[in-house]
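> quick one, what's the 3D model for this:
(2 chains)
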There are 2 protein chains.
Amino acid sequence: MRFALYQPPQAEHRPCPVLYFLAGLTCTEETAAIKAGAQRLAAELGLILVMPDTSPRDTGFDGATGDWEFGEGAGFYVDATEAPWSARFRMHSYVVDELPALIAANFPADTSRSGICGHSMGGHGALTIALKHPERYRSVSAFAPIVAPSQVPWGRKALPRYLGETPEAWADYDACELVRRQTFPGTILIDQGEADNFLEAQLKPELFDQACAEAGQPLLLRRHAGYDHSYWFISSFIDDHLRHHAETLV
Amino acid sequence: MRFALYQPPQAEHRPCPVLYFLAGLTCTEETAAIKAGAQRLAAELGLILVMPDTSPRDTGFDGATGDWEFGEGAGFYVDATEAPWSARFRMHSYVVDELPALIAANFPADTSRSGICGHSMGGHGALTIALKHPERYRSVSAFAPIVAPSQVPWGRKALPRYLGETPEAWADYDACELVRRQTFPGTILIDQGEADNFLEAQLKPELFDQACAEAGQPLLLRRHAGYDHSYWFISSFIDDHLRHHAETLV
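Below you'll find the predicted structure:
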């Protein structure tokens, strides 16, 4: 597995908090590092940025490549239970356990102060991981996240292949379902562009808005006219997300 | 020819000044737009950013592709005089005449307030263009520029093929030679990383430092320990360059 890491100058003097950024479909560990423009403010705030790849690579599994919505580059941050994926596609455990242990062992990080953020499929990853492990993350935010994968084409295509045909298994990686079970102790920040091509069919932030309202989960959902699904959208609002995390972490 | 353009919100209300960014070897019109991180501060300062491609494309000329140091992606911002290049490789005229006319005709730009900046081969472009046309550019800066192409391998390889074997023709696109003929009416800002792999063989900023001193050209040459030739270097200091230009343009 590969990941990108930005270490701020403050880390030369003291352990720094960690913000994980989970990328979306087709992305690698380089995408956010190059396109999100997060380093400038991370350098001021003293945040370590960790940007993992979106799946294992070169698995050789039949069907692992050639479809941008499934397999390599499309791990959906689940621990697959179906063969052959279960042998390698364990992105949930990787992000929650293996990667933080690597960071703690090799960088001047205070991993007791960790936040998690993501875009699109990575926003789904950030929300589900934070909602499943609120003891490990103090802050969470997302750009244009998939909030209800059990109900939208991207999730309906990928989750059965990773997790089997049981809807209960999908619900365990569905932010709208998870927030009804256990809220996150802090406000969730979500930014969504209104000119996002995937808004109506795949993202449906109104479902999460409703689920949070019903569960009593504080949510700041901001809708931005004219912004699409791209990293231009992310780079326009990344500073607000870093400040959101820094309020809790720094 | 392709170019990228960033239009700041101020342009909805009034014509805005223009900053040209010329990219280096192998780059396209997308490189600085994606990697330099200039848009954030340009939005605050009200600067239109124009980022042209580094050469014509799909020329079909024998030898135009396959060598990253010459031909497509390596136009060196000259008007070629040698066949076949002279038919298409006229980047100097493109940047100085054709592109500004396009910008003036199609965007809310005040092209009487223009500055020029560039990286590596594009730094060479910015310096030579500003020194040859001080009436058209009010400000100039460069990241890790080639300042003496007549004396270094990149230039000694490309200039004879574009301009013929006459050293006088090379001198007309050599910042160290040009500044001795005519100084620029303002301080030239140059940032250079000291961990730049091309520093000693290709860049040699000390030659321009000496030429400026002898010519009476104000130069602010900053050397930064640990920084390489990449866009990480550029994104670290791009704000200083935008402010340098805005001091004169805005």
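> can you give me the end-to-end span of stretch A:222-242?
15 Å (Cα to Cα, to the nearest Å).
> show me what the longest strand along chain A is packed against.
In chain A, with assignment by DSSP state E, the single longest strand is strand A:109-119. Packed against strand A:109-119, as judged by 3 or more Cβ pairs under 8 Å, 6 or more residues apart in numbering or on different chains; DSSP states H and E, are the following elements: strand A:16-22, helix A:99-106, helix A:121-132, strand A:139-143, helix A:231-249. Any C-beta I mention is one placed from the backbone N, CA and C, and that applies to glycine too.
> which secondary structure elements does the last one contact?
Helix A:231-249 makes packing contacts with strand A:16-22, helix A:31-35, helix A:39-45, strand A:109-119, strand A:139-143, strand A:188-193, strand A:219-224, helix B:39-45 when contacts are defined by 3+ Cβ pairs under 8 Å, 6+ apart.
> can you pull the residues of chain A lying near chain B?
A:I34, A:K35, A:G37, A:Q39, A:R40, A:Y231, A:S235, A:D239 (Cβ under 8 Å from any Cβ of the partner chain).
> switch to 7 Å and redo it
A:I34, A:K35, A:G37, A:R40 (Cβ under 7 Å from any Cβ of the partner chain).
> hmm, the third one is touching B:G37, no?
In other words, A:G37. Yes: if you go by Cβ atoms under 7 Å, A:G37 and B:G37 touch, sitting 4.9 Å apart.
> report the contact partners of the residue in chain A that chain B sits nearest to.
Using Cβ to the nearest Cβ, A:G37 is the residue of chain A that sits closest to chain B, at 4.9 Å. A:G37 sits next to A:S235, A:I238, B:G37, B:R40 when contact means Cβ atoms under 7 Å, 6 or more residues apart in numbering or on different chains.
> output the below-cut-off pLDDT ranges for chain A.
By pLDDT under 70, chain A has no low-scoring segment.
> not counting its neighbours along the chain, what's nearest A:D174?
Once flanking residues are discounted, A:D174 sits nearest to A:S150: 4.7 Å by Cβ to Cβ, 6 or more residues apart in numbering or on different chains.
> between the helices and strands packed on helix A:231-249, which gets nearest to A:L127?
strand A:139-143 (5.7 Å; Cβ to Cβ).
> what strands line up against that closest one, and which way round?
Sheet pairing for strand A:139-143, assigned by DSSP bridges, gives strand A:109-119 (parallel), strand A:188-193 (parallel).
> in TSV: the contacts of A:G37, plus distance to B:R156.
Shown next, in TSV, are the contacts of A:G37 (distance: Cβ to Cβ, whole Å):
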residue	distance to B:R156
A:S235	39
A:I238	43
B:G37	33
B:R40	38
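> what's the farthest-apart pair in these?
Longest distance between any two of these is 10.5 Å, between A:I238 and B:G37; criterion Cβ to Cβ.
> export the helix or strand that contains A:L178 to CSV, keeping only CA atoms.
Using DSSP states H and E, A:L178 maps to helix A:175-181. Only the C-alpha atoms of helix A:175-181 are listed here, as CSV (Å, rounded to 0.1, in the frame of the first residue of the first chain):
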residue,chain,number,x,y,z
ALA,A,175,-23.5,6.6,6.7
CYS,A,176,-27.3,7.1,6.7
GLU,A,177,-27.7,3.8,8.5
LEU,A,178,-24.8,4.2,10.8
VAL,A,179,-25.8,7.6,12.1
ARG,A,180,-29.1,6.1,13.3
ARG,A,181,-27.2,3.6,15.4
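> would you mark the buried spots in it?
A:A175, A:C176, A:E177, A:L178, A:V179, A:R180 (16 or more other Cβ atoms under 10 Å in any protein chain shown).
> which ones are touching the second one?
Remark: with contacts taken as Cβ under 7 Å, 6+ apart, A:C176 is in contact with A:V147, A:A148, A:L207, A:F208, A:A211.
> show me what the host helix or strand of the last one is packed up against.
Under the assignment given by DSSP H and E, the secondary-structure element containing A:A211 is helix A:205-215. Judged by 3 or more Cβ pairs under 7 Å, 6 or more residues apart in numbering or on different chains; DSSP states H and E, the packing partners of helix A:205-215 are helix A:175-181, strand A:219-224.
> elements contacting the last one?
Right, the one you point to is strand A:219-224. Short answer (3+ Cβ pairs under 7 Å, 6+ apart): strand A:219-224 packs on strand A:188-193, helix A:205-215.
> and with 10 Å instead?
Counting contacts by 3 or more Cβ pairs under 10 Å, 6 or more residues apart in numbering or on different chains; DSSP states H and E, strand A:219-224 packs against strand A:188-193, helix A:205-215, helix A:231-249.
> list the buried residues in the second one.
So that's helix A:205-215. So, applying 16+ other Cβ under 10 Å, buried residues of helix A:205-215: A:P205, A:L207, A:F208, A:D209, A:A211, A:C212, A:A215.
> and the contacts of that helix?
Outside helix A:205-215, the residues within contact range by Cβ atoms under 10 Å, 6 or more residues apart in numbering or on different chains are A:123, A:127, A:131, A:142, A:144-148, A:151-152, A:174-184, A:187-188, A:190-192, A:196, A:199-200, A:204, A:217-223.
> circling back to that earlier point, got the CA positions of the longest strand of chain A in PDB?
Provided in PDB are the C-alpha atoms of strand A:109-119 (Å, rounded to 0.1, in the frame of the first residue of the first chain):
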ATOM      1  CA  ALA A 109       2.500  12.200  15.100                       C
ATOM      2  CA  ASP A 110       0.100  12.500  18.100                       C
ATOM      3  CA  THR A 111      -2.400   9.900  16.800                       C
ATOM      4  CA  SER A 112      -4.600  10.500  19.800                       C
ATOM      5  CA  ARG A 113      -5.600  13.600  18.000                       C
ATOM      6  CA  SER A 114      -6.800  12.400  14.600                       C
ATOM      7  CA  GLY A 115      -9.400  13.700  12.200                       C
ATOM      8  CA  ILE A 116     -10.700  12.200   9.000                       C
ATOM      9  CA  CYS A 117     -11.900  13.800   5.700                       C
ATOM     10  CA  GLY A 118     -12.700  12.600   2.200                       C
ATOM     11  CA  HIS A 119     -14.100  13.300  -1.200                       C
END
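> now A:A142. Nearest residue, chain neighbours left out?
Ranked by Cβ to Cβ, 6+ apart and with sequence neighbours excluded, the top spatial neighbour of A:A142 is A:G123, at 3.2 Å.
> about what we covered before: closest one of the buried residues of helix A:175-181 to B:V18?
A:A175 (44.2 Å).
> skipping adjacent residues, who's closest to that closest one in space?
A:L127 (4.0 Å).
> that neighbour contacts A:I146, doesn't it?
Yes: using Cβ atoms under 10 Å, A:L127 makes contact with A:I146 at a distance of 8.7 Å.
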